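*Asks:* Sequence first, predicted model second:
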Amino acid sequence: MPWGLNVKHLYLAFFSILSIALCAFSLVIYDQYQKSQNLNDYMRYEYENIRRTKNILMDIIDMETGVRGYVLTGDKTYLHPYEVANDRLPDEIMALRQATYYESNAFAESNGLLDRVDSLQKLLESQINYMRAHGRGQVSLNALNIQRTQMQEVENIIEASIAHRLASVKARRDLVEPRKTNFFYILVIGTISGVGVFLIGTVLIIRLESDKETMEAQNENADMRFRTVMNGTNDGVFELNFVNETIYMSKEFKAMLGYGEDELNDDMHTLSAMIHPDDFDAYMTVRHDYIIKKTPLYNNIFRLRHKDGTWRWIMARGVGAWDKFGQIRTMIGTHTDITEQKNREEELRQLNNDMEAFTYITSHDMRSPLVNLKGFSHELALAVQEVDDLLEPEREKFSDGVWARLEHILRRDVPEALGFIGNAVDRMDTLTTAILDLSRIGKFVYRDELVDAQAVFDKCLGAQSYEISNKKVEVTTKALPKLVTDPIALEQVFSNLLDNAVKYLKPGEAGRIEMSCQETSRDYIFTIRDNGRGIDPEDSDRVFNIFRRARNTGDVRGLGLGMAFVKATLRKLNGAIWFESQLNIGTAFHVRLPKRAPITASNDSHAKGEDAA
């Protein structure tokens, strides 16, 4: 099982189940504890009320016994228990009433008991007063019987109350008893389940940790292989940490700039300070555009200062990692020293400039003798005509054979030769003009802007609508994108490709042309496909060469410059062109143009190189 998000989910699920089970088990225990606590509180409450009721009963018995002893003996010492109980009884009755105030039946019961006790108290008090007034033996037996009867009623009320409360306690206890048994089973089952969950979790964690160790070993081996490969390519590895603004630079990275492994600090300012001042703004712009995902790929070219003070051209490529909020956290990549490549490119650029200048000057200077040739040819034609006009009156002076010879020379040979010279001069002038136009591509300054490729292709269709309509060509276009490029260059490319497709259709067969585009992560690939003559494989090397045409196109006008012009234009746009073709079936030309970020600056403008002369 992969070590990553799935493992985190398993850990989360395991601890969630464990937490839920523990919470449920705790709730069950708490519920049982609460029920037991409620039962204890209830039993304590009932026993306390029974105690208070018994105390009232004992006080009443003490009062009745003391009064009876006093009545029978006349000894006042018997009144001491009566007096103590009589003083304590109101407080005990009040406490009982307050404790049972919220009981629906107990309050009425305590009121009834209070009435009985009050009646008994009055009876006992009247007997004491009667004894004090008339002496011993004056209380009648009937009064004592009434006293006993009232005492018995009070006892019956109190005992009934006590019996009722004891029965209620027993019923509550009997109701809770099965729950104790269930609670025991719950404890047993919960304990077994908890142990099982912990055991399963432990086994799972051990297995996952084992998988983690295996994967870490694989990652370590992969890292070693990666470092071995990187050491072999001499590319430097870097990692930018945007959270704490640090940079990791590999040993090869530092060695590339002449530094030892411990000679550079690991903060980003170290790298910034080494960038060439002329490249710093461009470097930061490219990095910023990648960080905000304005560009899909990070490819940055800039100069870094070597330890010896020289500047080294570096090509940096990297891949970033963003968090869930869209903020970049790290970027890891490689630095490649392309100084030698840059030097060769500069030499090639100078060579191309020299070649373009040579081509331009040569083509320009060739036009001067062509103008002279054309002018003197015209003068020569006029002179021949003048000679012919002068000789005509002198015709009789020449023999027929001589005159026929002069007439043939002046009216056929010389005009025909002058015609050949004129045609050759015109063709040479056309070729030198084409060469001049081709050489100007290198001097053309392109302006990148957002261009609607569909609109550009529609414009090219409009320009060739007459020929397309006459040949009854069916042109289909699939959706074309908007891209950042030079609009004039794109129009020239599309126009040449469409012109070729129309010109080289097979005579007598309905023509079909299709324009489409495929988008990749880096490029746009435009394809224009036709069902024309096709290109013989033997002529595939001639297609993009200047003044070279396929052998099956001799009946079609053209100089063989269109595809060379397209290829040169695309090279300036960092694009490319290639084709697929089958003879007598058709041809598909593919044009690749790179994806570029939109240009917001408005200071770029189209300009053409000026003539050297």
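*Replies:* Ah, there it is.

*Asks:* Chain neighbours aside, what residue packs nearest to Glu474?
*Replies:* Nearest residue to Glu474, sequence neighbours excluded (C-beta to C-beta, 6 or more residues apart in numbering): Arg512, at 4.9 Å. Quick note: C-beta positions are derived from backbone N, CA and C, even for glycine.

*Asks:* typo on my end, Met131
*Replies:* Val71 (5.9 Å).

*Asks:* same question, Trp578
*Replies:* His590 (5.4 Å).

*Asks:* hang on, isn't the one you found packed against Tyr524?
*Replies:* No - with contacts counted by C-beta atoms under 8 Å, His590 stays clear of Tyr524, the gap being 10.8 Å.

*Asks:* Neighbours of Asp75, how many?
*Replies:* 10 (other C-beta atoms under 10 Å).

*Asks:* list the contacts for it?
*Replies:* By C-beta atoms under 8 Å, 6 or more residues apart in numbering, Asp75 lies in contact with Gly69.

*Asks:* what's the answer for Ile585, then?
*Replies:* 531, 534.

*Asks:* separation between Thr73 and Leu199?
*Replies:* Using C-beta to C-beta, to the nearest Å, we find Thr73 at a distance of 83 Å from Leu199.

*Asks:* actually Gln32, sorry about that
*Replies:* Remark: distance between Gln32 and Leu199 (C-beta to C-beta) = 26 Å.

*Asks:* These two: who's more crowded?
*Replies:* In terms of neighbours (other C-beta under 10 Å), Gln32 is the more surrounded of Gln32 and Leu199; the figures are 18 against 10.

*Asks:* helices or strands up against the helix or strand hosting that one?
*Replies:* For Gln32, the element it lies in under DSSP states H and E is helix 5-73. Applying 3 or more C-beta pairs under 8 Å, 6 or more residues apart in numbering; DSSP states H and E, one finds that helix 5-73 contacts helix 79-99, helix 106-134, helix 141-233.

*Asks:* I'd like to check the angle between that helix and helix 106-134, please.
*Replies:* Counting by axes from the mean of the first three to the mean of the last three C-alpha atoms, to 10 degrees, helix 5-73 lies at 20 degrees to helix 106-134.

*Asks:* mind checking pLDDT for Lys459?
*Replies:* pLDDT, Lys459: 91.

*Asks:* and it, how many neighbours?
*Replies:* 13.

*Asks:* And the closest residue to it other than its chain neighbours, how close does it get to Val473?
*Replies:* Nearest non-adjacent residue to Lys459, counting by C-beta to C-beta, 6+ apart: Glu491, 6.5 Å away. Relative to Val473, Glu491 is positioned 20 Å away (C-beta to C-beta).

*Asks:* For those two, indicate the residue with more neighbours.
*Replies:* More neighbours surround Val473 than the other of Glu491 and Val473, with 20 against 17 (other C-beta under 10 Å).

*Asks:* any idea how far the residue nearest to the more buried one when sequence neighbours are not counted is from Leu124?
*Replies:* Nearest non-adjacent residue to Val473, counting by C-beta to C-beta, 6+ apart: Gly511, 3.9 Å away. Distance, Gly511 to Leu124, using C-beta to C-beta: 137 Å.

*Asks:* Counting neighbours, go ahead and name the busier of those two.
*Replies:* Using other C-beta under 10 Å as the criterion, Gly511 and Leu124 rank with Leu124 on top: 23 against 20.

*Asks:* Which residue is the nearest non-sequential neighbour of the more buried one?
*Replies:* The spatial neighbour of Leu124 that comes closest, neighbours along the chain excluded (C-beta to C-beta, 6+ apart), is Val67 at 4.5 Å.

*Asks:* Spit out the contact partners of that neighbour.
*Replies:* 78-79, 82, 124, 127-128, 147.

*Asks:* Is there a quick ChimeraX command that grabs whichever of those are buried?
*Replies:* Listed next is the ChimeraX selection for buried residues among the contacts of Val67, using 16 or more other C-beta atoms under 10 Å:
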select :78,79,82,124,127,128,147
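
*Asks:* Quick check: phi and psi on Gly309?
*Replies:* Torsion angles at Gly309 (phi, psi; degrees, to the nearest 10) stand at phi 100, psi -10.

*Asks:* Apologies, that question was intended for Ile577.
*Replies:* Dihedral angles (degrees, to the nearest 10) for Ile577: phi -140, psi 140.

*Asks:* Quick check: phi and psi at Ser399.
*Replies:* Dihedral angles of Ser399 (phi, psi; degrees, to the nearest 10) stand at phi -70, psi 160.

*Asks:* if I look at it, how far off is Leu406?
*Replies:* For Ser399, the distance to Leu406 - C-beta to C-beta - is 11 Å.

*Asks:* Between the two, which has more neighbouring residues?
*Replies:* Set side by side, Ser399 and Leu406 show more neighbours around Leu406, with 15 against 8, by other C-beta under 10 Å.

*Asks:* show me what contacts that one?
*Replies:* Counting by C-beta under 8 Å, 6+ apart, Leu406 touches 391, 398.

*Asks:* distance of it from Glu153?
*Replies:* Distance of Leu406 to Glu153, given as C-beta to C-beta: 179 Å.

*Asks:* same deal with Asp235?
*Replies:* For Asp235, the distance to Glu153 equals 111 Å [C-beta to C-beta].

*Asks:* out of these two, which sits in the busier spot?
*Replies:* More neighbours surround Asp235 than the other of Asp235 and Glu153, with 19 against 15 (other C-beta under 10 Å).

*Asks:* my read: the more buried one touches Ile338, true?
*Replies:* No - judged on C-beta under 8 Å, Asp235 makes no contact with Ile338 at a distance of 10.8 Å.

*Asks:* Pretty sure Tyr524 sits in a strand.
*Replies:* Yes - with DSSP: H, G, I helix; E, B strand; the rest coil as the criterion, Tyr524 is part of a strand.

*Asks:* What is the neighbour count of it?
*Replies:* Neighbours around Tyr524, by other C-beta under 10 Å: 21.

*Asks:* Can you read off the pLDDT for it?
*Replies:* If you check Tyr524, the pLDDT there is 95.
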